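Asker: Attaching a predicted model along with its sequence, questions to come.
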Amino acid sequence: QKEVEQDPGPLSVPEGAIVSLNCTYSNSAFQYFMWYRQYSRKGPELLMYTYSSGNKEDGRFTAQVDKSSKYISLFIRDSQPSDSATYLCAMSGTGRRALTFGSGTRLQVQP
Amino acid sequence: GAVVSQHPSWVICKSGTSVKIECRSLDFQATTMFWYRQFPKQSLMLMATSNEGSKATYEQGVEKDKFLINHASLTLSTLTVTSAHPEDSSFYICSAPERANYGYTFGSGTRLTVV
């Protein structure tokens, strides 16, 4: 069993839709949770990061962490074609340790 | 925000040759640099962790004599793929934790093709 599970998609939605991306994990030591966006052949770009459980909102993006269920989500409101990319969840325990990534979800927003 | 500059962005080399990939932290000091490898349509897999002034720590299954990592200064870490083979063809990415917050900054990646 992988430490972090993420549905690979692809997920195709019409422009303006609300997108929900999710990851589950098994390691209870994870404290920091991040979402990255990766365009083809580019390095990942940090979208959101949260510490422990709770919600965080930044513009059209909302990240949720439920440590009791070991479940994290990223919501994208009013999705745009430019949001088409692969979205990776990532997490880490305390200290500056390497991130453990999900497999990534490919999102396609249709104009 | 913090920037990690990675070069080259892509490289093609012949089997048996060596390739060096550089990652520089431009506006912060990176005491730690993580090196990842990513195969097509797959996620990032940690290869090794380098710390400035000390030997790198390699993940299980990663050959330390093949993937040489040097972190001689607080702003530069290098990965050298020695005696490259076609199976080493992949996307290599470096990452460093930022000091100001808990975000991790990634380089733009290097696409290595060994022919």
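Answerer: Looks like it came in fine. Residues are numbered from 1 along each chain as shown, chains lettered A, B, ... in the order given.
Asker: and chain A, which residues reach chain B?
Answerer: Taking C-beta under 8 Å from any C-beta of the partner chain as the measure of proximity, chain A contacts chain B at A:6, A:8, A:32, A:34, A:36, A:41-46, A:49, A:51, A:88, A:90, A:96, A:98-104. All C-beta atoms are positioned from the backbone trio N, CA, C, and that covers glycine.
Asker: In ChimeraX, how would I select the buried members of these?
Answerer: Entered in ChimeraX, the line below selects the buried ones among the residues of chain A next to chain B, by 16 or more other C-beta atoms under 10 Å in any protein chain shown:
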select /A:6,32,34,36,42,43,44,46,49,88,90,96,98,99,100,101,102,103,104
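Asker: Inside helices: which ones of the residues of chain A next to chain B?
Answerer: When these are checked against helices using DSSP state H, none is located there.
Asker: Now do residue 18, the pLDDT please.
Answerer: Reading this off chain A. pLDDT, residue A:18: 97.
Asker: nope, chain B please
Answerer: 97.
Asker: was I right about it contacting residue B:85?
Answerer: No: Residue B:18 lies out of contact with residue B:85 (C-beta atoms under 8 Å); the separation is 11.5 Å.
Asker: my read: residue A:74 touches residue A:62, true?
Answerer: Yes: between residue A:74 and residue A:62 there is a contact under C-beta under 8 Å: 7.3 Å.
Asker: okay, these two: which has more neighbours?
Answerer: residue A:74 (23 against 17; other C-beta atoms under 10 Å in any protein chain shown).
Asker: so that one is in which element?
Answerer: For residue A:74, the host element (DSSP states H and E) is strand A:71-76.
Asker: can you pull the buried residues of that strand?
Answerer: Neighbour count says strand A:71-76 has A:72, A:73, A:74, A:75, A:76 buried, by 16+ other C-beta under 10 Å.
Asker: what's the average pLDDT for that strand?
Answerer: 96.
Asker: ok, and what's touching that strand?
Answerer: A:18-25, A:33, A:35, A:47-48, A:60-66, A:83, A:87, A:89, A:91 (C-beta atoms under 8 Å, 6 or more residues apart in numbering or on different chains).
Asker: Output the below-cut-off pLDDT ranges for the chain.
Answerer: Reading this off chain A. Scanning chain A for pLDDT under 70 picks out A:96.
Asker: actually chain B
Answerer: Using pLDDT under 70, chain B drops low at B:1, B:99-102.
Asker: now with 50?
Answerer: Within chain B, no range satisfies pLDDT under 50.
Asker: what about the strands in it?
Answerer: B:4-7, B:10-13, B:19-25, B:32-38, B:44-51, B:57-58, B:67-73, B:76-81, B:90-97, B:104-106, B:110-114 (DSSP state E).
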